[in-house]
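A.B. asks: Pasting a predicted model and its sequence here:
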Amino acid sequence: MLVHYIFLARHNDTWTKAIIIRQDYLFAYFENNKLGTVFKEKLNLYFSYTGSRVECSGQDFSKYIGDYSDFPVIEH
């Protein structure tokens, strides 16, 4: 089973598009690219939205905007 993190941010009266990223991908960014900062054993992430681009710690997360590719389509 895959675990995913979904990040949403609110700016003024508007919700941003969801950033959906697998746990193992996020951990790889943390380990290999020094993603975020750790304070009191908690990871703090700051996402920056510019137009259609999203960055965190200088890494481009735009490809994870609304990435539902790991989720099956449920038809009824």
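C.D. replies: It's in. Everything numeric here is computed off the predicted structure, so don't read it as measured data.
A.B. asks: All the helices of the protein, residue numbers only.
C.D. replies: Taking DSSP state H, the helices of the chain run over residues 23-33.
A.B. asks: And the pLDDT for residue 66?
C.D. replies: For residue 66, the pLDDT comes out at 92.
A.B. asks: gap between it and residue 20?
C.D. replies: Going from residue 66 to residue 20 by Cβ to Cβ, to the nearest Å gives 7 Å. For the C-beta atoms, the positions are set from N, CA and C on the backbone; glycine is no exception.
A.B. asks: higher neighbour count, these two?
C.D. replies: Using other Cβ atoms under 10 Å as the criterion, residue 66 and residue 20 rank with residue 20 on top: 18 against 9.
A.B. asks: What number of neighbouring residues does residue 4 come out with?
C.D. replies: With other Cβ under 10 Å as criterion, residue 4 counts 16.
A.B. asks: from what I can see it touches residue 22, true?
C.D. replies: Yes - under the criterion of Cβ atoms under 8 Å, residue 4 makes contact with residue 22 at 5.6 Å.
A.B. asks: tell me, what's touching those two both at once?
C.D. replies: Shared contacts of residue 4 and residue 22, defined by Cβ atoms under 8 Å, 6 or more residues apart in numbering, comprise residue 70.
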